[in-house]
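Enquirer: sequence plus predicted model, see below.
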Amino acid sequence: MFASNNKVSVRQVYRLFVFDLIGMSTLVLPSRLAFFSEGDGLWAIGLGGLLAALYLLYLGKIVVGMKTDFAAYMERALPAWLMRAFLAFLGLHAVLTAGFGAYIFSDVMKRGLVPEESFSLILFLIILVSAYAVHGGIESRSRIYEVLFWVIGIGLLVMFVIASFDLQWDYIGPFFESSPASVAKGAMLVFFCCMPIFAVIFFPAYVEAGKEKKMLGAVFSALVTAIAVLAVMYFILLGSFGGGALKTMRYPAVTLMSNIHLSSSFLKRFDAFMLGIWFFTLFALLNLFLFYGTELLMRAFMGKGKQADKEETDLGAGRGRIFWLGGASVLTFAAAELFYLADWSMVYLNYICYVGMPLLVLLPGVVYAAGKVKK
Amino acid sequence: MYFSGKNGNPKVIEIAVCGYACRQQKKCMQETDRMSDAKTRISTSLQVNMDAYQKLFSDCADIKMRKMALGQGRRRECFVAYIEVSVSNMLLQTTALGRALSYLGETEDAKINEVLDKNAMGISDVTPFMYIEDAAAGMLTGDAILFVDGYDKALKIADKGYPGAMVQEPDSEKVIRGSKEGFTDSIKMNTALIRKRVRSTRFKVKEISQGLRSHTAVDLIYMEDLAQESVISEVEKRIEDYVIDGVLDSGVIEQLAERKWYSPFPQFQTTQRPDRAALAVLEGRVVVMSDNSPTALILPTDFNSFVKTSDDYYNRFEVASFARALRFIAAFFAMSMPGLYLAVTNFHTQILPTPLLLSFWEARIGVPFPAALEVILMELAFELLREAGVRLPGAMGNTIGIVGGLIIGQAAVDANLVSPIVVITVAFTALCSFSIPNEEFAFAFRLLKFYIIVVSAWLGFFGFLLGLFTVLIHLSKLKSFGIPYLMPFVGADLTGYKDQRDSIWRAPLRRMTHRPIYAREEERVKLRRKSR
């Protein structure tokens, strides 16, 4: 029928990326930024945003040059075994990142909403619902966030407005006191939280032909929006708690919400409701990586021509796809459990710092260059 | 013809009835062809025909067969067969059958065959049959069959047809402003009621016979130049996908044709209002009607369509927009209010001011049930009251509402079985569900309410959010004939769709220049100012 084309609109691309980018960054970055550079965290946000914009520019050049999506381009540019190895690496990286996202997500929910429930149960439910969302494919995923965009946007705005009444202007700063290395470290963290823009190289498969540049423009707008939201959030948190207190908090935005008391109102506090913002944004991030984990692993191990993603039934995606989605979900669950039980967060962050990010920066360029040479 | 009439209605209906009869007879013939290869050719001997016909309808007390004499000399015998009640047995001059028999009674015996061949009896809707089985199928559409001795065909003569209720105001979809007409059980009448509102030659009624034994007429109604061909062919395909004994209501077609049959959300919009169906046709949608059903199916559809009412377009845009916003909020709370209450009072009491929390606590003193069970019991009790109210006759239905809502509710509170705050929550939820204009759509929210209650009672606000999110995911996956269920909130810039400004915000009528996405892309403009 005429709307079932596995394509998403430019508006959907924008909204999808806004959600992908703001979830993790607004939740975990503020305390880390305060730890590295307190008031200068704002410069770190700016610098990190600039790095992400340059990265997007670089990816954009590759997207325009490839004239197809990255996975399809790899099939043309690389030997089959190498293509499969790269796809498997990207797939596993996506699953690992989904696991980290699921761990943060479950941890926030446990601490903020259901402290008496077991972590594993919360994690299981989150991954189950996420797998259900991913099962609907890119169209379904983008529709969810297109609908939620204003709901979350207005919620976030209300939160900023309410919080701004309690700002202590003395807390903001100090500026230009941190070392450039500290600011650079903060900027790298911001850049890490912007890494979901890597997904842009797979998007040509999901937008209408000839709209690649518009799509890149939408992703750039999403990046600017996310950086602006992060900057405002950091500014408010800094003004509410001060740099010293901020660096000791695990999820300062959640703490901020629980500290706001409304007088003469039907509701005294908004924290439970405001956690809904991170509920939906972290779901977006988890869905993103689970989606690409499934897609890439399926392509890596099933090979061309055996993809089950085209196989549609009355109940949704085909059996092959459900199998890979199930596998990716189990791996995500296992990874998140490890992050929680063995506290492997630092191992993951080291991996991201020394392996993940460099590879995600270099790989597209290397593959693109290989394709050009082969041509 | 109907353009010249001062009062077009009866004539329009007459045309629809005539057209219907021909189509119905044709379809029945086709069906009869399929079911039996060997047909009995109608003989010139009346006795042979009578025997065959009587054998076919043996043990059918409702079928009347009468032998009469025709011609000036009363020497030509004839045999009239009809279903009792569907044909006037008075054979008055005012009925087609009466006029035909009267005319034939004054015709010379020798000229009767010629008169019959030329259809010169002065009545229009006469259909000849060559075979006994075809004649029987024709009679079962509700008309009379005439066999004449020495004539090798049977004639179907239209009469008043099967009995049915006349046009009344529909029980559901009440409007303050706008037409009070509702669909009836007769498909003939219903198609005519829509055609009365859309008097265009591009208005098409395609008929399918469904039901191996019921031979129910199913009409596909659409505008030839607006409806997507792919949708029309898909509807036909889905309707003909199944062989079923009988189609007794359009609900049967709806359930068989839905792809996501497990979804609580209807993927066909239903209406009992001809003006609503006419509006859908003008939007490029397809209306499916089944005989013996006063409910039309409209497709494709989306979430937004279920929240609209006919009078949204008859009222000023401020009024319509306000009412729509209310309905959207009502739909949300119809599903979520009890769950939200449980999440807040059982898990997140910190968000309530202390005086309010204390009053909630005081209200629950002495209530023997846990809050979740209390809410579930009250919701079930309310659903029971609603069901009882619907099944009971009108006046008694109202009484049960008063008895249940006021007397039992008050007694339950006084007896400390439930807390007043739960009664308020349940009543508010019920009000919200009543505000949703479409009953099937409202039912989805009523069912999902229990799901939200369970997850909220289990996991508090986290469960509440999980519940809402799964519903949203489900909605995002739903499609109605290729149209995403969440249109126009999603994918607006796909497929060249231009926002018609007709969702929560209903733009002033003069600004609503485009048809919704259902219409063909080249036919999206529906309103333009005449050039001066």
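Expert: That came through fine.
Enquirer: phi, psi of A:Tyr206?
Expert: phi -110, psi 0 (degrees, to the nearest 10).
Enquirer: that one: what's it in contact with?
Expert: A:6-8, A:69, A:138 (CB atoms under 8 Å, 6 or more residues apart in numbering or on different chains). To be clear about C-beta, it is placed using only N, CA and C from the backbone, and glycine gets the same treatment.
Enquirer: and these, which of them are buried?
Expert: A:7-8, A:69, A:138 (16 or more other CB atoms under 10 Å in any protein chain shown).
Enquirer: could you list which of the contacts of A:Tyr206 belong to strands?
Expert: If you go by DSSP state E, the contacts of A:Tyr206 have nothing in strands.
Enquirer: hmm, back to that, filter the buried ones among the contacts of A:Tyr206 down to the ones in helices?
Expert: A:Ile138 (DSSP state H).
Enquirer: out of the contacts of A:Tyr206, which one sits closest to chain B?
Expert: A:Lys7 (6.6 Å; CB to the nearest CB).
Enquirer: strands of the chain, residue ranges please.
Expert: Just so you know, I chose chain A. A:312-313, A:316-317.
Enquirer: not quite, go with chain B.
Expert: Using DSSP E, strands in chain B cover B:63-70, B:76-83, B:126-129, B:144-148, B:154-157, B:203-210, B:216-223, B:269-271, B:286-290, B:296-299, B:479-480, B:483-484.
Enquirer: what distance do you get for A:Pro231 to chain B?
Expert: Not quite, residue A:231 is Ala, not Pro. 27 Å (CB to the nearest CB, to the nearest Å).
Enquirer: for that residue, which non-adjacent residue is spatially closest?
Expert: Setting aside the residues directly before and after it, A:Ala231 is nearest to A:Ile45 in space (CB to CB, 6 or more residues apart in numbering or on different chains), at 5.0 Å.
Enquirer: equivalent analysis for B:Gly251, please.
Expert: B:Thr295 (7.1 Å).
Enquirer: what pLDDT does the model give residue 270?
Expert: Just going to use chain A. Looking at A:Phe270, its pLDDT stands at 74.
Enquirer: meant chain B actually
Expert: In this model, B:Thr270 carries a pLDDT of 93.
Enquirer: what about it, how many neighbours?
Expert: 23 (other CB atoms under 10 Å in any protein chain shown).
Enquirer: so it bridges to which residues?
Expert: Beta-bridge pairing for B:Thr270 (DSSP bridges): B:Leu297.
Enquirer: can you pull the contacts of it?
Expert: B:250, B:254, B:295-298, B:438-440.
Enquirer: least confident secondary structure element in chain A?
Expert: Taking mean pLDDT, DSSP states H and E as the measure, chain A has strand A:312-313 as its least confident helix or strand, at a mean of 44.
Enquirer: touching, B:Leu478 and B:Pro264? I think so.
Expert: No. Look at B:Leu478 against B:Pro264 with CB atoms under 8 Å: they stay out of range, at 10.3 Å.
Enquirer: the two: which is more packed in?
Expert: B:Leu478 (21 against 15).
Enquirer: can you tell me how far that one sits from chain A?
Expert: Taking CB to the nearest CB, one finds B:Leu478 at 9 Å from chain A.
Enquirer: find the nearest non-adjacent residue to that residue, please.
Expert: B:Tyr485 is the one closest to B:Leu478 (CB to CB, 6+ apart), at 3.7 Å.
Enquirer: tally of neighbours for the one you found?
Expert: By other CB under 10 Å, neighbour count at B:Tyr485 equals 25.
Enquirer: with A:Leu128 instead?
Expert: Applying other CB under 10 Å, I find that A:Leu128 has 14 neighbouring residues.
Enquirer: ok so, going back, okay if I get the buried ones among the contacts of A:Tyr206 as JSON lines plus distance to chain B and pLDDT?
Expert: Shown next, in JSON lines, are the buried ones among the contacts of A:Tyr206 (distance: CB to the nearest CB, whole Å; pLDDT from 0 to 100):
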{"residue": "A:Lys7", "distance to chain B": "7", "pLDDT": "79"}
{"residue": "A:Val8", "distance to chain B": "8", "pLDDT": "86"}
{"residue": "A:Asp69", "distance to chain B": "18", "pLDDT": "87"}
{"residue": "A:Ile138", "distance to chain B": "11", "pLDDT": "85"}
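Enquirer: how far away is the closest residue to B:Ile351 other than its chain neighbours from A:Ile260?
Expert: Once flanking residues are discounted, B:Ile351 sits nearest to A:Arg269: 4.7 Å by CB to CB, 6+ apart. Using CB to CB, to the nearest Å, one gets 7 Å for the distance from A:Arg269 to A:Ile260.
Enquirer: which single residue in chain B comes nearest to chain A?
Expert: Taking CB to the nearest CB, chain B has B:Gly482 as its residue nearest chain A, at 2.2 Å.
Enquirer: skipping adjacent residues, who's closest to B:Gly284 in space?
Expert: In space, B:Gly284 is closest to B:Ala519, 2.9 Å off (CB to CB, 6+ apart).
Enquirer: can you get me a residue count around the one you found?
Expert: 22.
Enquirer: same thing with B:Gly73?
Expert: So B:Gly73, with other CB under 10 Å, has 10 neighbours.
Enquirer: now it: closest residue in space, sequence neighbours ignored.
Expert: Nearest one to B:Gly73, counting by CB to CB, 6+ apart, is B:Asp109 at 5.3 Å.
Enquirer: right, and that neighbour touches B:Ala69 too?
Expert: No. Between B:Asp109 and B:Ala69 there is no contact, the gap being 10.0 Å when judged by CB under 8 Å.
Enquirer: mutual contacts of the two, please.
Expert: With CB under 8 Å, 6+ apart as the test, B:Asp109 and B:Ala69 both reach B:75-76.
Enquirer: pLDDT weak spots in the chain?
Expert: Looking at chain A here, since you left the chain open. Low-confidence segments of chain A (pLDDT under 70): A:1-5, A:262-266, A:303-317, A:375.
Enquirer: nope, chain B please
Expert: Residues of chain B that meet the cut-off, pLDDT under 70, sit at B:1-37, B:88-94, B:492-500, B:532.
Enquirer: list the residues that contact the spatially most central residue of it.
Expert: What sits nearest the mean C-alpha location of chain B, by CA atoms, centre = their mean, is B:Thr295, with 1.6 Å. Contact analysis of B:Thr295 by CB under 8 Å, 6+ apart lists B:183, B:249-251, B:270-272.
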